[in-house]
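K.L.:
just need the structure, nothing else, for what follows:
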Amino acid sequence: MSVSFRLKSFRPAVFLSAILLFLCFVSGACGQPSKDARVSRTSFFLNTVVTITLYGTDDDSLIEECFSLCRDYEAALSRTMEGSEIYNLNHRNTDTVSSETLALINTGLSYSALSGGAFDLTIGSCSSLWDFTGENLTVPEPAALSEALTHVGYEKLSVKGNQISFSDDQTMLDLGAIAKGYIADRIKDFLVENQVASATIDLGGNILCVGSKPDGSDFNIGIQKPFDPQGTPMLTVPVSGWSVVTSGIYERSFEKDGQFYHHILNPATGYPCDNNLLSVTVLSEHSTDGDALSTSCFSLGLTDGMALIDSLEDVYAIFITDDYEIHYSKGLPEHFPVTLYD
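P.N.:
Predicted coordinates:
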């Protein structure tokens with residue numbers, strides 16, 4: 001390509017502007033980020049590290065708005081934050097909720113029924129006795145846990161309009177096993193509405209992709225090798241536009257008097273699930289579904305959890321057992337060809 005300038009008289013400012021315009025035209029760089037541009041920010045919400053990465057841009061202004069969404073949803077859905085909608089329901093300060101909170105409660109009820117109670121959004125009376133993140137990690141007294149267990153049961157919860165009622169005055173909601181997925185979906189909706197075509201949303205093990213990479217290829221999402229101190233992936237799965245949610249016993253846990261305890265509680269016992277599983281990863285279009293199903297399948301165990309996944313359309317799962325064997329749900333390797341690591 002050649003460009004010539006015909007000058008009647010030499011005017012340095014005009015000539016310099018023309019050169020700069022020409023260079024911008026040739027390089028395509030004037031005001032446009034490179035195809036490899038990306039911006040990423042990390043913050044802490046929902047008791048976990050949240051990282052949002054936008055690709056093909058160097059503008060991070062939307063990320064702060066995503067973090068604002070996290071704050072707003074945490075303020076509505078947290079079990080422990082005083083004044084939240086869930087806190088107020090649990091303390092019987094109100095019996096009404098917003099339309100969004102109502103939608104999430106109804107989704108939680110549907111997964112509680114689908115899993116036969118293996119996922120139960122009324123686990124709050126038991127989960128409130130455990131602390132997997134504080135400095136004084138203690139195991140609840142058996143008598144206290146047994147008493148709390150009598151208040152667990154999604155059948156004790158009723159929804160009529162936007163009103164929530166409980167047949168047991170001490171039944172408590174805990175949306176921790178589904179809220180992160182719901183929030184990830186809402187962040188994705190926000191980004192898509194703002195013309196973001198390529199992004200990843202990582203809410204502490206809940207990963208949701210917006211589109212694909214800028215070059216059209218899939219994102220490669222790593223599934224962590226359980227208990228690996230460096231977080232080394234055991235395998236990766238190629239994903240575009242889908243959600244990858246992992247529930248694992250290594251995420252929040254502690255050891256007390258030689259006994260290992262993790263945060264995934266069995267609604268039938270109030271104690272951590274004990275079924276030879278290390279992690280369950282669910283791939284689905286929506287992160288809300290993946291969040292609820294990963295907990296459901298973990299609680300159900302390998303055989304029943306796999307049967308549940310195989311009964312659903314457009315949902316796939318990866319189970320890792322305590323012998324570090326990998327088990328795939330029906331059709332997963334064909335839809336998501338995995339890469340294994342030693």
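K.L.:
could you check how far residue 265 is from residue 121?
P.N.:
Noted for residue 265: a distance of 12 Å to residue 121, by C-beta to C-beta, to the nearest Å. C-beta here means a position set from N, CA and C on the backbone, and glycine is covered the same way.
K.L.:
how about residue 51?
P.N.:
As judged by C-beta to C-beta, residue 51 and residue 121 stand 27 Å apart.
K.L.:
so those two - more neighbours on which side?
P.N.:
residue 121 (26 against 15; other C-beta atoms under 10 Å).
K.L.:
retrieve the pLDDT associated with that one.
P.N.:
On the pLDDT scale, residue 121 is placed at 97.
K.L.:
is it located within a helix, as I assumed?
P.N.:
No. Counting by DSSP: H, G, I helix; E, B strand; the rest coil, residue 121 falls outside a helix, being coil.
K.L.:
with adjacent residues omitted, what lies nearest to it?
P.N.:
Spatially, and ignoring its direct neighbours in sequence, residue 121 is nearest to residue 108 (3.7 Å; C-beta to C-beta, 6 or more residues apart in numbering).
K.L.:
quickly list what the residue nearest to the spatial centre of the chain is bridged to.
P.N.:
Centroid-nearest residue in the chain, with C-alpha atoms, centre = their mean: residue 206, separated by 2.6 Å. Counting by DSSP bridges, residue 206 forms beta bridges with residue 203, residue 245.
K.L.:
what's stretch 322-331 in contact with?
P.N.:
Applying C-beta atoms under 8 Å, 6 or more residues apart in numbering, the contact partners of stretch 322-331 are 225-226, 234-235, 276-278, 302, 306, 309-310, 315-321, 338, 340.
K.L.:
any weak-confidence spans in the protein?
P.N.:
Applying pLDDT under 70 to the chain picks out residues 1-35.
K.L.:
change it to 50
P.N.:
1-30 (pLDDT under 50).
K.L.:
and the helices in it?
P.N.:
For the chain, the helices defined by DSSP state H occupy 12-27, 61-77, 85-90, 99-114, 124-127, 142-149, 179-193, 287-300, 302-310, 332-335.
K.L.:
now residue 44. Nearest residue, chain neighbours left out?
P.N.:
Going by C-beta to C-beta, 6+ apart, residue 44 has residue 50 as its nearest residue, at 6.8 Å.
K.L.:
my read is that residue 221 contacts residue 236, right?
P.N.:
Yes. The pair residue 221 and residue 236 qualifies as a contact (C-beta atoms under 8 Å) at a distance of 6.2 Å.
K.L.:
the two: which is more packed in?
P.N.:
Higher neighbour count among residue 221 and residue 236: residue 221, with 22 against 18, using other C-beta under 10 Å.
K.L.:
how near is the more buried one to residue 93?
P.N.:
40 Å.
K.L.:
what about residue 298, neighbour count?
P.N.:
28.
K.L.:
tell me how far it lies from residue 48.
P.N.:
Distance of residue 298 to residue 48, computed by C-beta to C-beta: 17 Å.
K.L.:
for residue 227, same thing?
P.N.:
Residue 227 is 18 Å from residue 48, by C-beta to C-beta.
K.L.:
run a quick neighbour tally on residue 304.
P.N.:
Using other C-beta under 10 Å: residue 304 sits among 16 other residues.
K.L.:
what of residue 158?
P.N.:
Neighbour tally, residue 158, other C-beta under 10 Å: 11.
K.L.:
ditto for the one 10 residues further on
P.N.:
Residue 168: 15 surrounding residues under other C-beta under 10 Å.
K.L.:
isn't the residue nearest to the centre of the chain up against residue 180?
P.N.:
Yes. Using C-beta under 8 Å, residue 206 makes contact with residue 180 at a distance of 4.7 Å.
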